[in-house]
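A.B. asks: Okay, here's the prediction I keep looking at, along with the sequence it came from:
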Amino acid sequence: MLDVTDPDAPIYRIFSKSRFLDLLRTRKNGLVNPAKWDDPFENFFLRASVTGPNGEVISISNLAKDWYGQCWTLHEDTDAMWRIYSPGTERDSIKVRTTIRKLFESLYDDTDSFAALKYVIGTVSYETEAEIAAFMSGVTFQDIAFGGKATPFARLLCVKREAFAHEKEVRLLFQDLDPKRGANRVALFDFDVNGICDDVVLDPRLTETEAAALADELKRAGCTLPIGRSPLYRVPAFSIRLQ
């Protein structure tokens with residue numbers, strides 16, 4: 001665990017309805033290669049090249065291909081997250097809650113002799129572009145790779161630009177060593193939604209009727225978790241004294 005002060009802190013992720021139904025059906029969670037992440041700065045180190053002692057350029061693309069990740073957040077409920085991950089008119093995305101510890105344990109295999117090299121969960125730190133550039137200009141590949149540990153690489157995958165600080169991310173990471181388990185930039189792991197997660201929350205922009213219909217659909221698909229609708233847009237009933 002990297003920069004995790006409270007392993008039992010709740011964390012959240014918003015899945016599309018189709019992806020959540022797929023989780024229920026297959027009981028498999030997919031971590032994706034960082035090349036599929038939207039922000040090109042998110043995997044700035046793995047996109048870099050290494051300059052050899054004679055000025056030759058050495059690609060580290062093979063190393064980049066071996067990493068997979070999934071993003072969660074410490075934010076319980078924000079308008080921005082719903083609008084980013086539940087866009088359009090359907091508004092049928094699903095937010096789940098678990099803890100850092102339970103999510104990590106769902107990935108970690110303590111029978112794996114190389115577990116310390118493969119499985120990481122870390123809190124994202126947010127840096128300015130100048131800070132990132134300064135770090136890259138002062139670090140060497142040997143600084144990162146020395147000792148053959150996964151931690152230095154994983155820590156770099158837990159750095160984002162400060163423009164994204166509102167996301168308060170926690171990242172689940174996996175380094176795919178032989179024998180390989182990833183394919184088509186996705187690595188699949190067993191994931192029992194009903195056992196790992198604590199509850200399900202639906203989009204606050206749904207009407208009560210729409211939320212009830214979606215909740216019923218999820219239950220019929222096998223979801224046994226408590227299901228509610230986000231209260232983010234619920235209008236409070238204030239009472240004001242006349243005098």
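C.D. replies: Received, thanks.
A.B. asks: Tell me which stretches of this structure form helices.
C.D. replies: Remark: helices assigned in the chain by DSSP state H are 17-26, 61-65, 79-85, 100-107, 115-118, 129-138, 141-145, 151-156, 193-196, 208-220.
A.B. asks: Go ahead and confirm Ile144 touches Ala150.
C.D. replies: No: with contact defined as CB atoms under 8 Å, Ile144 does not count as touching Ala150 (10.6 Å). C-betas here are computed from N, CA, C, even on glycine.
A.B. asks: which residues touch Lys36?
C.D. replies: Arg185 (CB atoms under 8 Å, 6 or more residues apart in numbering).
A.B. asks: Distance check, it against Arg185.
C.D. replies: Counting by CB to CB, to the nearest Å, the gap from Lys36 to Arg185 is 6 Å.
A.B. asks: who does the residue positioned nearest the centre of the chain bridge with?
C.D. replies: The centre of the chain sits closest to Cys71, judged by CA atoms, centre = their mean, with a distance of 1.1 Å. On the basis of DSSP bridges, Cys71 is bridged to Arg171.
A.B. asks: That one and Ile11: what is the separation?
C.D. replies: To Ile11, Cys71 is 10 Å away according to CB to CB.
A.B. asks: now Thr123
C.D. replies: In this view, Thr123 and Ile11 are 10 Å apart by CB to CB.
A.B. asks: try Ser230
C.D. replies: For Ser230, the distance to Ile11 equals 16 Å [CB to CB].
A.B. asks: more crowded one of these two?
C.D. replies: Per other CB atoms under 10 Å, whichever of Ser230 and Ile11 has more neighbours is Ile11, with 23 against 20.
A.B. asks: For that one, give me its contacts.
C.D. replies: Shown in contact with Ile11 (CB under 8 Å, 6+ apart): Trp72, Thr73, Leu74, Arg97, Thr98, Thr99, Ile100, Leu103, Val170.
A.B. asks: neighbours around the first one, how many?
C.D. replies: Trp72: 23 surrounding residues under other CB under 10 Å.
A.B. asks: so it touches Arg171, yeah?
C.D. replies: Yes: with contact defined as CB under 8 Å, Trp72 and Arg171 form a contacting pair (7.4 Å).
A.B. asks: Return the member of the contacts of Ile11 nearest to Ala213.
C.D. replies: Arg97 (21.8 Å; CB to CB).
A.B. asks: show me what contacts the residue nearest to that closest one when sequence neighbours are not counted?
C.D. replies: Spatial nearest neighbour of Arg97, chain neighbours left out: Asp198 (4.8 Å); criterion: CB to CB, 6 or more residues apart in numbering. For Asp198, the contacting residues are Pro10, Val96, Arg97, Thr98, Thr99, Leu225, Pro226, by CB under 8 Å, 6+ apart.
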